[in-house]
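# Show me the folded form of this:
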Amino acid sequence: MTGRPDAPLPPAWPDRAAWGTAPSLRAWQQAAVEQYAAAQPRDFLAVATPGAGKTTFALTVAADLLSRRVVDRITVVAPTEHLKTQWAEAAARAGIPIDPTYAAGKGRTSGDYVGIAVTYAGVAVNPLAMRIRTERFKTLVILDEIHHAGDALSWGDGVKEAFDPATRRLALTGTPFRSDINPIPFVTYAPGEDGIPRSVADFTYGYAHALSDHVVRPVLFMAYSGEMQWRTRAGDEVAARLGEPLTKDMHAQALRTALDPAGSWIPAVLQAADKRLSEVRRHVPDAGGMVIASDQDSARAYAALLRKISGEAPTVVLSDEKGASKKIETFTSSDKRWLVAVRMVSEGVDVPRLAVGVWATTTSTPLFFAQAVGRFVRARSRGETASVFLPSVPHLLEFASDMEAQRDHVLGRRVTDESDIFAAENDLLAQAQAGESASAELEMSWEALGSTASFDHVLYDGAQFGHSGEVLAGSEEEMDFLGIPGLLEPDQVRELLHSRQTERASKQRASAAGKDGADSVEALTTHQQLGVLRRELNGLVAAWHHRTGQAHGITHAALRKECGGPPAAVASAEQLHARIDRIREWAMRQTS
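Take a look at the predicted model:
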């Protein structure tokens, strides 16, 4: 094709059929399209869980607006270069030609295109050029993962300047908004109960609804703890157990010790994840796994470990590497076992066959957690499950427990504890995540000495299942959970976990009864006592679910709201006792 300037649409613009055959819509997509069609708003914010199909919804709206000549052109704004191409490919399948190579500086694109795809960073570089283009045509702007417009003041200002003249603006997000002081352009805010402005979505489709509709997979979070030893900058040698109450700095150093490829923790967890992947592939032959690494050196080291474990060289994708998008596409269409990535595979990147994940990064914001876990939840057929291996770190366990929670964008305050429990070290790690070496200050502050891994528990539907004592990685007890079938409905997963929990509890009681009758909670260690209390609470929550139909995660959240404290996975014995008493009160009131 020869490049020629954009021109106004011809008088006889093709009818809707010319845009290609519209895909069959899921129930939520159809409802969202109908709501949009009825309102015909200038601005519309759709919040839908990762994997639900926001792209299909947006392109359906775009095709309708083009066919009715409400708009003449489409502009898609995406977070990354890779997603520009992905949007263009999806639009092409819908019969809407979009140019993913457009740059604001050149100002022109082939007349064969009716749209362009750009990045938020690209808009910020030259917002005036984008504004001129937006003014020339009746434009629909699709703002993919619009929370990025609040990441930096320049990005938000650029988006506002460039697209203020747009005829229509359709904003999409699938991840939790952060609390911040910068309003996101074109998002409506309303005062909450506390008087603080919060974002208002026009349409919301959460993970809980998507799971019940079989649009996304159920996720099993496999939590691993273990003993860590490291040396501080002062030369002190420290030993701590991952997952136990620690200071913020000790949590950060314990996690970094666990993720050190020269230790024993990460090799053991990768071994367990590969076993889990093999079990899933018995039922889903092309299922793949992904390790999310902090930096390039670690990614290469993890890939070497996986090659020894699985006998197959993984695909390694680095954030600043040329050809990274092509590597992802090749992996997506293959049946290779493992992908190791640094940042590149995050929100919006579509690799539907990913079924097993390993969290091997120090990044731990709610936003990044939702983005990363979203890579594993996209359902292809009923019964597929996802498994994500996590270090037993309180914030990560809390995010896993709260997957069903919806977050609005909160204005007027910056919540530092959401940003990262490892914020100080992450500032120093920024260079490493971009492919450069960590600073000398970071290297001097910590030295890993050794680590061991042990299976802690499984988190599913906000409830915890597992052993009340230490289970070493590689043991038969660990295989009770690694060997869960790869094809199960959500209710079947829950029933199987409850069944295995009951079997293990019976064995433990029988074993304890043979040791001087020491089978009371008081006779157990603190770790065992907490395990018993969590299982009792989970059993009561399960009974409440069968009685009321209320999701486990919602019940746990309600108990936390009434009794206070963190998620059950990291709650104290006193807090667990309070929740047990409270849910029993609920049951008695309902019975009476």
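# quick one: low-confidence parts of the stretch 351-500 of the chain?
403-445, 467-470 (pLDDT under 70).
# Which parts of it are strands?
Listed in chain order, the strands of the stretch 351-500 of the chain (DSSP state E, counting those that start in this stretch) span residues 354-360, 386-391, 446-451, 454-460, 463-472.
# so which of the ones you listed gets nearest residue 221?
Smallest distance to residue 221 across these (CB to CB): 4.0 Å, for strand 454-460. To be clear about C-beta, it is placed using only N, CA and C from the backbone, and glycine gets the same treatment.
# Walk me through which strands that closest one pairs with, and which way each runs.
Strand pairing for strand 454-460, determined by DSSP bridges: strand 219-232 (antiparallel), strand 463-472 (antiparallel).
# As JSON lines, the ones you listed with mean neighbour count and distance to residue 454 would be great.
Shown next, in JSON lines, are these (neighbours: other CB atoms under 10 Å; distance: least, CB to CB, whole Å):
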{"stretch": "strand 219-232", "mean neighbour count": "23", "distance to residue 454": "5"}
{"stretch": "strand 463-472", "mean neighbour count": "21", "distance to residue 454": "5"}
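# Residue 372 is nearest to which of those?
That would be strand 219-232 among the strands paired with strand 454-460, by CB to CB, at 11.3 Å.
# Tell me what residue 316 is bridged to.
residue 340.
# pLDDT of the helix or strand where residue 574 lies, averaged?
Residue 574 belongs to helix 573-591 when elements are defined using DSSP states H and E. Helix 573-591 carries an average pLDDT of 85.
# buried residues in that helix?
575-580, 582-583, 586 (16 or more other CB atoms under 10 Å).
# from those, which single one is nearest residue 459?
Distances from residue 459 to these, taken by CB to CB, are shortest for residue 576, at 15.3 Å.
# Mind pulling up the pLDDT for the residue nearest to that closest one when sequence neighbours are not counted?
Among residues not flanking residue 576 along the chain, residue 533 sits closest, at 4.0 Å (CB to CB, 6 or more residues apart in numbering). On the pLDDT scale, residue 533 is placed at 80.
# next SSE after the one helix or strand residue 533 maps to?
For residue 533, the element it lies in under DSSP H and E is helix 526-548. As assigned by DSSP H and E, the chain's next helix or strand after helix 526-548 is helix 552-563.
# Give the other helices and strands that that following helix contacts.
helix 526-548, helix 573-591 (3 or more CB pairs under 8 Å, 6 or more residues apart in numbering; DSSP states H and E).
# right, and the helix or strand after the helix or strand harbouring residue 34?
Using DSSP H and E, residue 34 falls within helix 27-39. Counting by DSSP H and E, the next helix or strand C-terminal to helix 27-39 is strand 43-48.
# outside of that next one, which residues touch it?
28, 32, 36, 54, 57-58, 146, 168-174, 186-188, 199-206, 210, 406 (CB atoms under 8 Å, 6 or more residues apart in numbering).
# Can you list which of the residues you listed are found in helices?
28, 32, 36, 54, 57-58, 210 (DSSP state H).
# buried stuff in the helix holding residue 533?
527-542, 544-545.
# centre of the chain versus the helix holding residue 574, how much separation?
Centroid separation for helix 573-591 versus its chain: 31 Å, with CA atoms, centre = their mean, to the nearest Å.
# so it versus helix 552-563, what angle?
110 degrees (axes from the mean of the first three to the mean of the last three CA atoms, to 10 degrees).
# Give me the contact list for helix 573-591.
Under CB under 8 Å, 6+ apart, the answer for helix 573-591 is 526, 529-530, 533-534, 536-537, 540-541, 543-544, 547-548, 555, 559-560, 562-566, 568, 571.
# and what of stretch 24-42?
So stretch 24-42 is contacted by 44, 46, 48, 52-53, 56-57, 60-61, 64, 167-170, 202-203, 205, 209-210, 213, 215 (CB under 8 Å, 6+ apart).
# Show the average pLDDT along it.
Rounded mean pLDDT across stretch 24-42 is 95.
# ok, the nearest residue to residue 289 once chain neighbours are set aside - how many residues close by?
Spatial nearest neighbour of residue 289, chain neighbours left out: residue 356 (3.8 Å); criterion: CB to CB, 6+ apart. Using other CB atoms under 10 Å, residue 356 has 30 other residues around it.
# re earlier: residues in contact with the residue nearest to residue 576?
By CB under 8 Å, 6+ apart, the neighbours of residue 533 are 521, 573, 576-577, 580.
# Same list, the residues you listed, but as JSON lines with distance to residue 273 please.
Converted to JSON lines, these look like this (distance: CB to CB, whole Å):
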{"residue": "521", "distance to residue 273": "33"}
{"residue": "573", "distance to residue 273": "31"}
{"residue": "576", "distance to residue 273": "29"}
{"residue": "577", "distance to residue 273": "35"}
{"residue": "580", "distance to residue 273": "33"}
